[in-house]
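Chemist: Below are the sequence and a predicted model for it; my questions follow.
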Amino acid sequence: MLKFFNFIYLLLVIIITGCSDQPLNSPYSNNKDGDKIFYSSFQERPKHLDPARSYSSNEYAFIAQIYEPLYQYHYLKKPYELIPLVAKEMPKVEYLDFKHFKQS
């Protein structure tokens, strides 16, 4: 009978410790509870933060927050149209071999 009460007592202790609203193994500090902070995860560490060398979505998540591209697509126009973002204007297109294509 004593083993039964010890088992019930142990079971109640385990259940009561699981009733907390705070996680037991939180890796974040408790002093930032009121701040608006977004924590996220990624599958592997980024290898490059250079936009010309990076190619994975994990790296792009960081690059998109660091660099702003010169141009972007206007996605509501069909076909897609390239519009300046950081650049002042679109570059002037000059066909170097235009005469060759015009004659044939």
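Modeler: Everything's here; your move. Numbers count the residues shown, from 1 in each chain.
Chemist: and residue 17, what does it touch?
Modeler: Going by CB atoms under 8 Å, 6 or more residues apart in numbering, residue 17 touches no other residue. The C-beta positions use only the backbone N, C-alpha and C, and glycine is treated the same way.
Chemist: Tell me the spacing between it and residue 11.
Modeler: Residue 17 sits at a distance of 11 Å from residue 11 (criterion: CB to CB, to the nearest Å).
Chemist: what does residue 58 give?
Modeler: Residue 58 is 43 Å from residue 11, by CB to CB.
Chemist: between those two, which one's more packed in?
Modeler: Using other CB atoms under 10 Å, the more surrounded residue of residue 58 and residue 11 is residue 58, with 15 against 10.
Chemist: neighbours around the residue lying closest to that one once chain neighbours are set aside, how many?
Modeler: Nearest residue to residue 58 in three dimensions, chain neighbours excluded: residue 42, at 4.5 Å (CB to CB, 6 or more residues apart in numbering). Neighbours of residue 42 under the rule other CB under 10 Å: 12.
Chemist: same question, residue 84
Modeler: Applying other CB under 10 Å, we find 13 other residues in the vicinity of residue 84.
Chemist: ok, it - contacts?
Modeler: So residue 84 contacts 70-71, 90 (CB under 8 Å, 6+ apart).
Chemist: redo that, cut-off 10 Å
Modeler: Applying CB atoms under 10 Å, 6 or more residues apart in numbering to residue 84 gives the contacts 69-72, 90-91.
Chemist: Name the nearest residue to residue 72, ignoring sequence neighbours.
Modeler: Residue 72 sits nearest to residue 85 (CB to CB, 6+ apart), 4.6 Å away.
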